[in-house]
Every structure is written in structure tokens, then in C-alpha cells.
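Colleague: fold the following, please.
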Amino acid sequence: MVAYTQNELVSATEISKQFGEYISKVKNGLLDKIGILKNNKLNAVILSVEEYEQLIMARNKLEDMETYQMINERMKTPKEEYVDGGDVLKRLNLSLDD
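Modeller: Numbers count the residues shown, from 1 in each chain. Below is the predicted model:
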């Protein structure tokens, strides 16, 4: 779980009253993030565009690495264990013409 300092947690009511001020704090690097509380529960987070884009790129890279690992594992399957696609379609009463 991500830790927040006291000044990084703001109620939804407070955000609505001073939205521009809080956006400026994140944009100018005065705050890394702002956790928005509703009913004393963390409900959303405001991040800078740069931070958000870095998170998305990191997530995409992780997904690519997981896909690469899965492909490598599947390539280790001996050809004798391959399943014929036509047989699978027949067992499921499907065809490529459907």
C-alpha cells in the first residue's frame, strides 16, 4: 500500500473548493500526489501527467514481460503435446465458417 503524508490527504469537499490550488501543487512538484477522501476513505488520487504516464508505461512494460515469459514457457511444450485447432473446433461444435 502507498503511504500518504497528512498534507497529501484531502477531503472531496476541500478539493471541490480549492481544486485549482491542489492541481497547481501537484503540477509544480510541491506534492507528489493527492489522495482524495470521501467518508474518510481513500477514493481517488491526483497525479501529475508525468507521473501518470510513467505508471502507465511501467504497467505496459510489465504486461509485455509477462507475455514474453508466457510465450517462452509455451515454446517449451513438445510438439507431441500440441492440440490441433480443427479437433478443438469439432469438440466444441464450432467451425471457422460460423
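
Colleague: which of the three states applies to residue 46?
Modeller: strand (DSSP: H, G, I helix; E, B strand; the rest coil).

Colleague: wait, isn't it in contact with residue 22?
Modeller: Yes. Proximity of residue 46 to residue 22 meets the contact threshold set by C-beta atoms under 8 Å, at 6.7 Å. All C-beta spots, glycine's among them, are computed from the backbone N, C-alpha and C.

Colleague: what touches both of the two?
Modeller: With C-beta atoms under 8 Å, 6 or more residues apart in numbering applied, the overlap between the contact sets of residue 46 and residue 22 consists of 15, 34.

Colleague: where does this structure have low pLDDT?
Modeller: Under the criterion of pLDDT under 70, the regions of the chain flagged as low confidence span 98.

Colleague: which one's the longest helix in it?
Modeller: The helix that spans the most residues within the chain, counting by DSSP state H, is helix 49-75.

Colleague: roughly how far apart are the residue most central in space within the chain and residue 52?
Modeller: Within the chain, one residue has its C-alpha closest to the average C-alpha position: by C-alpha atoms, centre = their mean, that is residue 59, at 5.9 Å. Distance, residue 59 to residue 52, by C-beta to C-beta, to the nearest Å: 11 Å.

Colleague: how about residue 7?
Modeller: With distances taken as C-beta to C-beta, residue 7 is found 20 Å from residue 52.

Colleague: please name the residues that touch the residue nearest to the centre of the chain.
Modeller: Residue 59 is in contact with no residue at all, counting by C-beta under 8 Å, 6+ apart.
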